[in-house]
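Enquirer: Quick one: sequence and predicted model below, then my questions.
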Amino acid sequence: MVDPAAAALRGARKVVVFSGAGISAESGVPTFRDDLTGLWARFDAAKLATPEAFDDDPDLVWGWYEWRRARTLRAEPNAGHVAVAAIEARVPGSVVVTQNVDDLHERAGSKAPIHLHGSLFAPRCVAAGHPATVDAAPASDEGRRLPPPRCVECGALVRPGVVWFGEALPEQAFRAAVDAATECDVLLSVGTSGVVYPAAALPMIAANAGATVIQVNPEPTPLDEVCAVNLRGTAADTLPALVAAAWPDR
């Protein structure tokens, strides 16, 4: 099944790579609900990732996110991330849309991924919403409560720059993702479960607009029926093979 996927990729003028937690997990970044060890083992991830949790106990929530950020900094992009950057280099009109909150696509060479769920590396002011600069995350493997820094402009608390439960996706990012999905020739869905909406609608949007939708995932997902090609395998194994088949002269 790599051959028809490679042919579609090779003939595309614009590709959207839509990535989920699976590609980051291959770099050792735990999925959201798995990132609860040490101090955090007694907490429910869904209850830490809400505006209400931050209002009630900002030190607890900030400490957890800084712990996650420190762990992410120790991870390295894998061959799947590198292959995504290679696709961008081959198809200049390509766009990476990710549900992940790490920076592994950027570190692998992707230029400007659209972060639908925000980023661990984009903290912002609670009051004004503008970006805020913070010191490096602590190195502790156990994690600890940490008071959030204060905004240097207004003195309000700084919060993690991720999308919490109960919050809408960033309007500008989601609109850009929808536009990219509508305009692309190929949408490559990588390591995403296809169940988290509204992000999971992007492959359907692309298919309805006439794009070829290709899925890379070790297991079946609800996106199977939308996809023209389903490649069963991990991103780190499958994407380099797909790129090599699409551009054997690379």
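Expert: Alright, I've got the coordinates. Predicted, not measured: the structure shown is a model, and the values here were computed from it. Numbering: from 1, shown residues only.
Enquirer: what's the burial count for residue 131?
Expert: 11 (other Cβ atoms under 10 Å). Yep, even glycine has a C-beta here, placed from its N, CA and C like the rest.
Enquirer: Quick check: bridge partners of the closest residue to it other than its chain neighbours?
Expert: Leaving aside its chain neighbours, residue 131 sits nearest to residue 124 (5.4 Å; criterion: Cβ to Cβ, 6 or more residues apart in numbering). Per DSSP bridges, residues listed as beta-bridge partners of residue 124: residue 131, residue 159.
Enquirer: Residue 124 is in contact with residue 159, isn't it?
Expert: Yes: here residue 124 reaches residue 159: they are 6.4 Å apart, a contact under Cβ atoms under 8 Å.
Enquirer: Who has more neighbours out of those two?
Expert: Legend: neighbour count by other Cβ under 10 Å for residue 124 and residue 159, higher for residue 159 (23 against 17).
Enquirer: OK, contacts around the more buried one?
Expert: Listed by Cβ atoms under 8 Å, 6 or more residues apart in numbering, the contact partners of residue 159 are 54, 58, 62, 123, 124, 125, 126, 148.
Enquirer: do that again at 10 Å, thanks
Expert: Applying Cβ atoms under 10 Å, 6 or more residues apart in numbering, we find residue 159 in contact with 51, 54-55, 58, 61-62, 65, 123-127, 129, 132, 148, 151.
Enquirer: Could you give the number of residues near the closest residue in space to residue 80 that isn't next to it in sequence?
Expert: Using Cβ to Cβ, 6+ apart and skipping residues adjacent in sequence, the residue nearest residue 80 is residue 235, 3.0 Å away. Residues lying near residue 235 (other Cβ under 10 Å) number 30.
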